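# Structure here, sequence nowhere to be found:
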């Protein structure tokens, strides 16, 4: 049975309904409505997740406003039931709605998991930590199951037998050749002497010098005519093989194409892993056409996030983020290890918005996101720099959900950006490319 996360918040006291089941049903209906809204507009997944994960989210946040408007439709007197806007209850409703939507839409599931993994370390959710762990674990397991199917390499590649049905034998009007013995006898009898009825031989056998040549001429002519008639009757009927051979050629071509496609699909996961290992060892950026070793650790980590994102599909196992983290840790860092190399988020976002090497990241971020107006991914701030100046701390917190003074190592920064890229691509793809389960 699928877990209901509204009840989990009720258990820890975030929601206090005084034992009124009628109010609980109103919250459930609101969560169901918000879930339907999210399935229609998956691009809201990141914002919904970041708001749900932040206990300090402002009561005026647009996502909170949307959730409140949905709650009022189910509970008209909700404003009188609480002293202020029930942000805690609305956050619980939003999380329940996200999980419901993620269970039926794989793209929403990808966006939820990656966004939650980024947001939770920077949110004060200690009382709710177990609830979030369960929610992320459930949906991440679902995403990994689909990703493993795309990344797996089977032990054996099987191909269906060649599908070809030979044409039916062509019907012919040929008849069995036979000899008219009576007619043949009559011709031979006539050739033997003047007593025949069909153009008889005028010479008798007692006149050998006249009879023999005449007999030979007549008999050879009779036998030749008979053999020619039989040959005409036994001559094979011409058969056009171009049609059957063309059909066979097409069947063989389709069979070979299917076999090659099966082999390519079966080995895609192995080829992808091989390419990633090569990339990790080469430490070369295909987007910047430069070695990561020639860049600063934070520039390199951001570009590594971008390059890895370009190499892997939307549905990738959670281990890919760990792979990126270890790849970034291969970069040399002066003055100690990477754990001592830290920068604040404000300066990292500023560099991503202004540095020349970050242009490919900005271009993709602009493609994936819209201009930031409320809580959302840092990609929106990076891809839509309204000016080249630094972002104010309050603005960064409001729009990006991260304190400007938060410190990150190169591996943390790269992993953060990679998850945002994966999340943004999942919910920006055409609905026809997403898999929904009713």
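That came through fine. All values derive from a computational prediction rather than experimental measurement.

# Give me the pLDDT for the residue nearest to residue 160 when sequence neighbours are not counted.
Leaving aside its sequence neighbours, residue 160 sits nearest to residue 258 (C-beta to C-beta, 6 or more residues apart in numbering; 7.3 Å). Quick note: C-beta positions are derived from backbone N, CA and C, even for glycine. For residue 258, the pLDDT comes out at 73.

# do you know how far residue 258 is from residue 245?
20 Å (C-beta to C-beta, to the nearest Å).

# again, but for residue 291
Residue 291 is 56 Å from residue 245, by C-beta to C-beta.

# hang on, isn't residue 365 packed against residue 376?
No: judged on C-beta atoms under 8 Å, residue 365 makes no contact with residue 376 at a distance of 11.3 Å.

# Kindly state the domain boundaries assigned to this protein.
5-151, 156-166+176-272, 283-430 (automatic domain parsing).

# Dump those domains to CSV, plus mean neighbour count.
Converted to CSV, those look like this (neighbours: other C-beta atoms under 10 Å):
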stretch, mean neighbour count
domain 5-151, 19
domain 156-166+176-272, 12
domain 283-430, 19
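
# Which of these comes out lowest on mean pLDDT?
Note on the domains of the chain: lowest mean pLDDT is at domain 156-166+176-272, with a mean of 74.

# ok, now which ones touch residue 189?
195, 196 (C-beta atoms under 8 Å, 6 or more residues apart in numbering).

# Then residue 94?
31, 34, 48, 51, 52, 63, 67.

# distance of the fifth one from residue 112?
Residue 52 sits 10 Å away from residue 112, taking C-beta to C-beta as the criterion.

# what is in contact with these two at once?
Common contacts of residue 52 and residue 112 (C-beta under 8 Å, 6+ apart): residue 98.

# where's residue 290 relative to residue 360, distance?
Note on residue 290: its distance to residue 360, by C-beta to C-beta, is 11 Å.

# Actually, residue 188.
From residue 188 to residue 360 the distance is 101 Å (C-beta to C-beta).

# One more: residue 287?
Separation of residue 287 from residue 360 (C-beta to C-beta): 4 Å.

# shared neighbours of those two, anything?
303, 306.

# so what's residue 405 up against?
344, 345, 346, 393.

# so which of the residues you listed comes closest to residue 400?
Closest approach to residue 400 among the contacts of residue 405 (C-beta to C-beta): residue 345, at 7.7 Å.

# need the contact list for that closest one.
378, 396, 400, 402, 403, 404, 405, 406, 407, 408.

# Can you list which of those are found in helices?
Among the contacts of residue 345, the members falling in helices (DSSP state H) are 378, 396, 400.

# got those residues as JSON lines, with distance to residue 372 columns?
Shown next, in JSON lines, are the ones in helices among the contacts of residue 345 (distance: C-beta to C-beta, whole Å):
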{"residue": "378", "distance to residue 372": "9"}
{"residue": "396", "distance to residue 372": "10"}
{"residue": "400", "distance to residue 372": "8"}
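
# Spit out the contact partners of residue 215.
Residue 215 touches 191, 192, 201, counting by C-beta under 8 Å, 6+ apart.
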